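Engineer: Provided below for reference: sequence and predicted model.
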Amino acid sequence: MKPFLIRLSAVASIAVLVCACRSQSFSFLAMGDMPYNSEQETKFRALLKRASLEPFSFLVHVGDIKGQSEPCTDERFEMIRDIFREQSVPVVYTPGDNEWTDCGQVDDQDPIERLKFIRHLFFEDESTLRLKELNSHHQNVTPEFSRYPENYRFSRAGVLFVVVHVAGSANNRREDDVRSMEEYRDRNHANLRFLEESFSLALSEKASAIALIIHANPDFEMRSGKGFQDFLDSLSAFLQIYQKPVLCIHGDTHRFRLDHPLVDPQTNKPFPQFTRLEVFGSPNVAGVVVTVDPGDPEVFSCKPF
């Protein structure tokens, strides 16, 4: 599929509207790659308790809700589900590789079955993440993509938030495993279609900025991972058209950083409007406050929490 082909006719039927109140600033807390063990779970609960005292509009967790070597049990995932349910604001969550792609290496569980369970546990019951409070639009409302409730978007104060299931561990592109490759190809196709629709929506509705939320570190600098090539191509093609701020929030490599790592292949210079925010991760149990001010030319500002 060609990366980012604008289909405004398709966008016309999308019920998601970018909010017209573009002057209202707000903030949210971004985190991920935790908790990995019982000690971090205690700290994670304390972090969320402190966050509950702040006026965050929502929380963002970019995936990896358990350590890679920890068993992929229903009980573990249900514990995190219950923590998310306890929050007073919606939780914007995308699955990480530790939840499913790596489970076959840990306790010989079926990664595809674990992914199905994660989708069921976190996305079928609307009371878990409470995303409807954000007027979220999910890809699975389209019959062709009914398996992908974890791809969704919403808007606030003229900023479009796009959540796409791009996971670590090469995005599950395992050339030595037929089932993994089939899963990767199908989800990659769904991701590209969802990105295309979302980017077209941002253009047609004149969104003041975009926040793109994924789990994986897709190697913006070297573009060496085959599992991320289509994602990076689609994003780069869009950035050649869209000149407003784009913030990509991800985890995976556990290194807090705020930089401009994506290079325009046409100019060989970084896209100035594109910023990457990688959140803290295990062993650090911390978050990043992202303040969104559509009246500011930069729109996004970030600081550790």
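Structural biologist: Great, that's in hand. This structure is a prediction, so every number in the text was calculated from the model and none was measured.
Engineer: going by C-alpha atoms from here, please, whenever you check contacts or count neighbours.
Structural biologist: Fine.
Engineer: assumed Leu235 was part of a strand.
Structural biologist: No: secondary structure of Leu235 (DSSP: H, G, I helix; E, B strand; the rest coil): helix, not part of a strand.
Engineer: how close does it get to Val178?
Structural biologist: To Val178, Leu235 is 27 Å away according to Cα to Cα, to the nearest Å.
Engineer: between these two, which has more neighbouring residues?
Structural biologist: Taking neighbours as other Cα atoms under 10 Å, Leu235 and Val178 compare with Leu235 leading, 21 against 11.
Engineer: quick check: pLDDT value at the more buried one.
Structural biologist: On pLDDT, Leu235 comes in at 98.
Engineer: now for the host helix or strand of Leu212, which elements pack on it?
Structural biologist: Taking DSSP states H and E as the definition, one finds Leu212 inside strand 209-213. Here strand 209-213 touches strand 159-163, strand 246-250, going by 3 or more Cα pairs under 8 Å, 6 or more residues apart in numbering; DSSP states H and E.
Engineer: kindly reformat the ones you listed as CSV containing mean pLDDT.
Structural biologist: Output for the helices and strands packed on strand 209-213, formatted as CSV (pLDDT from 0 to 100):
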stretch, mean pLDDT
strand 159-163, 98
strand 246-250, 98
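Engineer: mean neighbour count and distance to Val92 added to those, as JSON lines?
Structural biologist: Converted to JSON lines, those look like this (neighbours: other Cα atoms under 10 Å; distance: least, Cα to Cα, whole Å):
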{"stretch": "strand 159-163", "mean neighbour count": "25", "distance to Val92": "8"}
{"stretch": "strand 246-250", "mean neighbour count": "25", "distance to Val92": "12"}
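Engineer: in JSON lines, list those strands along with distance to Val289.
Structural biologist: As requested, the helices and strands packed on strand 209-213 are exported to JSON lines (distance: least, Cα to Cα, whole Å):
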{"stretch": "strand 159-163", "distance to Val289": "16"}
{"stretch": "strand 246-250", "distance to Val289": "12"}
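Engineer: spatially nearest residue to Leu239 (excluding sequence neighbours)?
Structural biologist: Nearest residue to Leu239, sequence neighbours excluded (Cα to Cα, 6 or more residues apart in numbering): Phe271, at 7.3 Å.
Engineer: quick check: end-to-end length of stretch 119-134?
Structural biologist: End-to-end span of stretch 119-134 (Cα to Cα): 19 Å.
Engineer: what sits up against that stretch?
Structural biologist: 78, 81-82, 84-85, 89-93, 149-150, 154-155 (Cα atoms under 8 Å, 6 or more residues apart in numbering).
Engineer: likewise for stretch 239-258?
Structural biologist: So stretch 239-258 is in contact with 31-33, 62-64, 96, 168, 203, 208-217, 264, 271, 273-282, 298-300, going by Cα under 8 Å, 6+ apart.
Engineer: so which of those sit within helices?
Structural biologist: Per DSSP state H, helices hold the following members of those: Gly168, Leu203.
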